[in-house]
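Colleague: One predicted model, sequence on top.
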Amino acid sequence: MEKDLVIIPTYNEKENVEKMIRKVFSLKTPFEILIIDDNSPDKTAEIVKKLQKEFPDKLHIMERSGKLGLGTAYLSGFKWALDHGADYIYEMDCDFSHNPKDLEKLHNACAKNNADAAIGSRYIKGINVVYWPLGRVLMSYFASVYVRLVTGMKIMDTTAGFVCYRRKILETIDFKKIKMKGYGFQIEMKFTAWKHGFNIVEIPIIFMDRQQGTSKMSGGIFTEAFTEIPGLKIRSWFRKYKQPNKK
């Protein structure tokens with residue numbers, strides 16, 4: 001039986017984490033969840049550990065010593081997923097900006113329609129973002145435009161954090177060569193998978209700004225991504241990318 005693992009990094013998500021866990025477990029696909037908590041002062045991890053008694057074989061937690069960056073959280077989660085036999089590995093926020101129901105769309109794109117990676121895309125059909133200030137929408141949208149221009153990728157939502165990867169992508173990518181630690185990590189993962197020749201599709205979603213808890217987004221996050229993209233492109237000139245087995 002194929003194993004679907006949803007990785008959800010958390011930091012101070014006590015308002016959302018239980019509702020998110022229960023919603024994911026209510027879906028048709030038998031998802032498992034790995035919460036990666038960066039020592040949340042609001043005791044998010046304690047809520048998860050109590051729920052593990054109710055969902056002992058489906059809910060997992062990795063506790064880290066502090067805020068170590070989104071990229072390192074996901075890389076730790078990817079390694080855990082590979083070690084524990086996951087076939088489809090998902091990235092997802094805890095704040096309901098990503099609708100849990102859309103996990104099924106990503107699953108179907110990979111498990112039924114043979115995509116190697118499926119991106120929950122805000123920009124593949126217009127701009128589908130709700131409750132964000134206009135300035136933030138424009139910053140995000142034009143960040144993706146900039147990334148496409150510099151890298152040559154055809155992906156519309158390059159900074160998206162709602163993704164499903166087939167296991168073979170994570171087995172192919174050398175995690176030691178992933179340099180970006182913040183939201184630029186999302187760009188670097190997509191770029192690396194694209195350079196390896198994997199089939200990446202975008203699935204339209206509606207992105208909702210969080211209704212509870214505090215956003216971790218800042219202008220510095222976008223600045224990091226902007227300044228490091230040229231280096232990402234230049235490094236790619238000196239690397240060889242293994243092409244995937246088409247079988």
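Modeller: Okay, I see it. Numbering: from 1, shown residues only.
Colleague: okay, CA-based contacts and neighbour counts for the rest of this
Modeller: Fine.
Colleague: ok now the helix or strand of the chain with the lowest mean pLDDT, how far from the chain's centre?
Modeller: Counting by mean pLDDT, DSSP states H and E, the chain has its least confident helix or strand at strand 129-130, which shows a mean of 74. Computed by Cα atoms, centre = their mean, to the nearest Å, the chain-centroid distance of strand 129-130 equals 18 Å.
Colleague: Go ahead and name everything in contact with it.
Modeller: Strand 129-130 is contacted by residues 122, 137, 206, 207, 208, 209 when judged by Cα atoms under 8 Å, 6 or more residues apart in numbering.
Colleague: One more pass at 7 Å, please.
Modeller: 122, 206, 207, 208, 209 (Cα atoms under 7 Å, 6 or more residues apart in numbering).
Colleague: going on from that strand, what's the next piece of helix or strand?
Modeller: Per DSSP states H and E, the first helix or strand lying C-terminal to strand 129-130 is helix 134-151.
Colleague: roughly how far out does that next one sit from the chain middle?
Modeller: Put simply, helix 134-151 sits 18 Å off its chain's centre (Cα atoms, centre = their mean).
Colleague: quick one: strands adjacent to the following helix or strand past that helix?
Modeller: Proceeding N to C from helix 134-151, the next assigned helix or strand is strand 163-166, under DSSP H and E. Applying DSSP bridges, strand 163-166 is found paired with strand 88-91 (antiparallel), strand 117-121 (antiparallel).
Colleague: just for this structure, where's the confidence low?
Modeller: 131-132, 210-222, 224-225, 245-247 (pLDDT under 70).
Colleague: Name the residue closest to the centre of it, please.
Modeller: Central residue of the chain (Cα atoms, centre = their mean): residue 91, 3.0 Å from the mean position.
Colleague: That one touches residue 165, doesn't it?
Modeller: No - at 8.5 Å, residue 91 does not count as touching residue 165 under the criterion of Cα atoms under 7 Å.
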